[in-house]
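1. Below is the sequence, then the predicted model.
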Amino acid sequence: MNRLVSLRLPLVVVTFVVLAHTSFAATPIDGVHVDLMALLVSTVAVVGGRELAVVVGFVAGLAADAFLTTPFGLSSFAFALVGYLLGEVERFGRERSLLINSLLIAVGSAAIQVVLTIGLYLLGLGNPLQHRVLIEVGVVTGINFVLSPVALLIVRFALPASDLSLASTNRRRP
Amino acid sequence: MLLISVTLMTLNFRGGSRFSFVSVKADMRNVIAPLRSALDAVVRPVSDVVSGAFNYSSLQTQDARLRQELHALESRSVQGKTATQELRTILALNKIPFVGSIPGVNAQVISLTPTNVQLSFEIDKGSSSGIRLNDPVVDASGLAGRVTAVASQTSTVLMLTDPSFAVGVRLGPSGKAALATGEGEGSPLKVSLVTPGTRFTRNQVLTTSGLQGEIFPPGIPVGRVVSASDQPGSLQESVAMQPVVNYGALQFVKVLLWSPPGS
């Protein structure tokens, strides 16, 4: 039974990777696509804490990079970095309202878009001064805010109880 | 994890072809591809079941049956029209005038890559069909992009509208060359290096220049001029053009197996 529980998170990650490349995410809104991977990493950070978020972010990033021609490791860096930083919210307690969690996920999604844009700029592959970047950040933030309650349910289901309690244990450290 | 990411990035960016991770990416895509098809196959019957349940709620069985027959006929009619349209598209791909004698591989667009990092689409042909990196991709109307990743059975094509896409274009009969670059989804291409005073007509088609070192053969339509303005004191004219390819309706493309002269 425990093995099945520990398989839930990898299955959820794979499902999000596949979903992110099906017709579900293919329809753009104002030319911007849903960023399900950012939603997943931000949700894991908010629910499971920084250590889990950095691992999930790294793995999800590698999967995302496989479909892109940008340097391998860019998405995993962005996801892991933002996942870790957002996961720091576990220090401020685990009991939060749905609205606060959704806002944190939206902020995390926006941060991932910003880090990716900066990364592309540093590698000479993009220009952060284009007004499109603001539209992308805005739309992804909005969509992920709306989708966050569902993502929270899925990630809470996927995380083993030990990981959830680990987050609270980390919080109690001085 | 962060250090590993940075190391991977550095190796990929600075390591040249030795550390391009092309095979790793291709393997990962090959693993995900059947899962994606499977998930699509799972989602479709669910929606069909919901639709079917809705129809069963009708009390008039005969009406329901008639409706189903009507739906079937309509569906068949739509399928017929779609098949005819697809056939026309494929036939058009085999008679593209600007391709000339360049050999090519016809491919079907299987998905638009739903990401904001790059604008690209995936086709159902890969290295097993002879497709290589940077091969030009066209449809019957003109240039659609270039191949940026190749797996054994699929390839990724970078769209013209991607901000990292650049193509040399020729400004009509004057023969002057300029550079067209992508400006993001829904935005027209920006044409730079245009000498002030160059005259354009609305909807004038600009074609690939095919200059030395250019990865596209010459004479492929790229876009139609939608605006041109000559600012006083500016060193170049500001020109925007709309790609001739309609990405929303893109179904089939032709990958040109073309190598630049001297490569």
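-> Noted; the coordinates are in hand. Numbering: from 1, shown residues only, chains lettered A, B, ... in the order given.

2. Might you list the low-confidence residue ranges for the stretch 101-250 of chain B?
-> Applying pLDDT under 70 to the stretch 101-250 of chain B picks out residues B:114, B:212-213.

3. Spell out which parts of it neighbour chain A.
-> B:111-118, B:120, B:148-149, B:156, B:158, B:163-164, B:183-187 (C-beta under 8 Å from any C-beta of the partner chain). C-beta: built from backbone N, CA, C; applies to glycine.

4. Please indicate which of these are buried?
-> The neighbour-count criterion (16 or more other C-beta atoms under 10 Å in any protein chain shown) marks B:111-118, B:120, B:148-149, B:156, B:158, B:163-164, B:183-185, B:187 among those as buried.

5. mind checking which helix or strand the residue of chain B found nearest chain A is in?
-> Closest residue of chain B to chain A, C-beta to the nearest C-beta: B:Leu8 (3.1 Å). Assigned by DSSP states H and E, B:Leu8 belongs to helix B:2-14.

6. List the contacts of the residue minimising distance to the centre of chain A.
-> In chain A, the residue lying closest to the centroid (C-alpha atoms, centre = their mean) is A:Val41, at 2.1 Å. Contact analysis of A:Val41 by C-beta atoms under 8 Å, 6 or more residues apart in numbering or on different chains lists A:Ala53, A:Val56, A:Gly57, A:Ala60, A:Gly61, A:Phe79, A:Val82, A:Gly83, A:Gly108, A:Ile112.

7. export those residues to TSV and tack on pLDDT?
-> TSV is the format used below for the contacts of A:Val41 (pLDDT from 0 to 100):
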residue	pLDDT
A:Ala53	91
A:Val56	92
A:Gly57	92
A:Ala60	90
A:Gly61	90
A:Phe79	94
A:Val82	94
A:Gly83	93
A:Gly108	94
A:Ile112	93
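
8. Return only those of these found close to chain B.
-> Filtering the contacts of A:Val41 for proximity to chain B by C-beta under 8 Å from any C-beta leaves A:Gly57, A:Gly61.

9. Can you list which of the residues of the stretch 101-250 of chain B next to chain A are found in strands?
-> Among those, the residues falling in strands (DSSP state E) are B:Ser111, B:Leu112, B:Ser120, B:Thr148, B:Ala149, B:Thr156, B:Leu158.

10. A:Leu125 touches A:Thr69, doesn't it?
-> No: applying C-beta atoms under 8 Å as the test, A:Leu125 and A:Thr69 come out as separate, 9.4 Å apart.

11. neighbour count winner among these two?
-> Counted by other C-beta atoms under 10 Å in any protein chain shown, A:Leu125 and A:Thr69 do not tie: A:Thr69 has more neighbours, with 22 against 19.

12. got the contact list for the residue nearest to B:Leu160 when sequence neighbours are not counted?
-> Spatial nearest neighbour of B:Leu160, chain neighbours left out: B:Pro243 (4.8 Å); criterion: C-beta to C-beta, 6 or more residues apart in numbering or on different chains. B:Pro243 is in contact with B:Gly142, B:Leu143, B:Leu160, B:Thr161, B:Pro188, B:Leu189, B:Val222, B:Gly223, counting by C-beta under 8 Å, 6+ apart.

13. For B:Pro243, give me phi and psi.
-> With angles defined as degrees, to the nearest 10, B:Pro243 sits at phi -60, psi 140.

14. Walking through the stretch 101-250 of chain B, point out its strands one by one.
-> Listed in chain order, the strands of the stretch 101-250 of chain B (DSSP state E, counting those that start in this stretch) span B:104-112, B:120-123, B:136-138, B:143-150, B:155-159, B:166-170, B:177-181, B:189-192, B:205-208, B:221-229, B:238-243.

15. Partner strands of the second one and their direction?
-> The partner list of strand B:120-123 in its sheet, established with DSSP bridges, is strand B:104-112 (antiparallel), strand B:155-159 (antiparallel).

16. Would you mind finding the most buried of those strands?
-> strand B:155-159 (a mean of 24; mean count of other C-beta atoms under 10 Å in any protein chain shown).

17. do you know how far A:Arg96 is from A:Ile105?
-> 11 Å (C-beta to C-beta, to the nearest Å).

18. of the two, who's got more company?
-> With neighbours defined as other C-beta under 10 Å, A:Arg96 and A:Ile105 compare such that A:Ile105 has more, 30 against 15.

19. shouldn't the more buried one be in contact with A:Asp35?
-> No: using C-beta under 8 Å, A:Ile105 and A:Asp35 do not qualify as a contacting pair, with a distance of 11.4 Å.

20. and for these two, which residues touch both?
-> Contacts common to A:Ile105 and A:Asp35, judged by C-beta under 8 Å, 6+ apart, are A:Asn144.

21. Look up the closest residue to the residue in chain A that chain B sits nearest to, ignoring the ones flanking it.
-> Proximity to chain B, evaluated over chain A using C-beta to the nearest C-beta, is greatest for A:Gly73 at 3.1 Å. Among residues not flanking A:Gly73 along the chain, B:Leu8 sits closest, at 3.1 Å (C-beta to C-beta, 6+ apart).
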